[in-house]
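Trainee: I would like the atomic coordinates for the input below:
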Amino acid sequence: MARRGDLRPLPPSPTRLRFAFQDGPVDTGDPSISKLVRVPTRTLEVPSGRLVAADPFSSELREPFSQLIPPGNYEVWMTRAYVNDHFRSAFAVLTVSDTPIASWKLLTTPRDLPVDGKPYRYIGYGVDSALGCFCDDVAARLHEQRFKADEDYRAETLIINQSEWDDWGELHPAGPSGPNLIGFSTGAGDGRYATFAGLAGDGRIAAVVTDFRIVDILE
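Mentor: Here you go, the predicted model:
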């Protein structure tokens, strides 16, 4: 039986995850995808370095990833895939540095467990609202408190993917001066989505990517 700490996932396809950084016409191997477009959102405040990726409409957000990033403010963008006559969110990307990515690592929380033969499909955060998000653990816990107590705030959370023309939105759980939460639509709707760290040659995290399983789907 697998135990916590036994997770040794296979490396994700570098061909697949590199598409998160593409912008323009691209050959993904899927003729229905004509182009990928990078859409900037807001700068995410990460004061503790403990990054959370989760469904923001959940009353209890996931624990932060076990691997920390340096505290700071980081650009977040969406990579949209234009599929036939519409677009879908393919990746959510948080950039930590401009350092080239040398390898990829699956990010996990202490509660994530491996599933034999299926290291990605059952690892990641579950989505029931067609929404995902990035936030610092400080913002996550503040969000939980307001979500449970404030009906107006819950309604605001539900429509964050309608608050901008390109399917993303921003919340401030503690008010304008506190750390924020950046939410976005998930391209494949409800499901489970894995998040990966793009590592520089020295092993430091250069980027964080949540894959919405639109491009080069890996079963």
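Trainee: any idea how far residue 30 is from residue 82?
Mentor: Between residue 30 and residue 82 the computed distance is 11 Å (C-beta to C-beta, to the nearest Å). Yep, even glycine has a C-beta here, placed from its N, CA and C like the rest.
Trainee: Can you list the buried residues in the longest helix belonging to the chain?
Mentor: Longest helix in the chain, counting residues (DSSP state H): helix 137-149. Using 16 or more other C-beta atoms under 10 Å as the test for burial, helix 137-149 gives 137-140, 142-143, 146-147.
Trainee: still on that earlier bit, look at residue 30 and residue 82 and report which has more neighbours.
Mentor: Legend: neighbour count by other C-beta atoms under 10 Å for residue 30 and residue 82, higher for residue 82 (17 against 13).
Trainee: name the helices or strands packed onto the helix or strand that contains the more buried one?
Mentor: Applying DSSP states H and E as the criterion places residue 82 in strand 72-83. Applying 3 or more C-beta pairs under 8 Å, 6 or more residues apart in numbering; DSSP states H and E, we find strand 72-83 packed against strand 33-46, strand 86-95.
Trainee: Mean neighbour count and distance to residue 168 added to those strands, as TSV?
Mentor: Output for the helices and strands packed on strand 72-83, formatted as TSV (neighbours: other C-beta atoms under 10 Å; distance: least, C-beta to C-beta, whole Å):
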stretch	mean neighbour count	distance to residue 168
strand 33-46	18	5
strand 86-95	22	8
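Trainee: now these as JSON lines including mean pLDDT and distance to residue 105?
Mentor: Putting the helices and strands packed on strand 72-83 into JSON lines (pLDDT from 0 to 100; distance: least, C-beta to C-beta, whole Å) gives the following:
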{"stretch": "strand 33-46", "mean pLDDT": "93", "distance to residue 105": "18"}
{"stretch": "strand 86-95", "mean pLDDT": "92", "distance to residue 105": "14"}
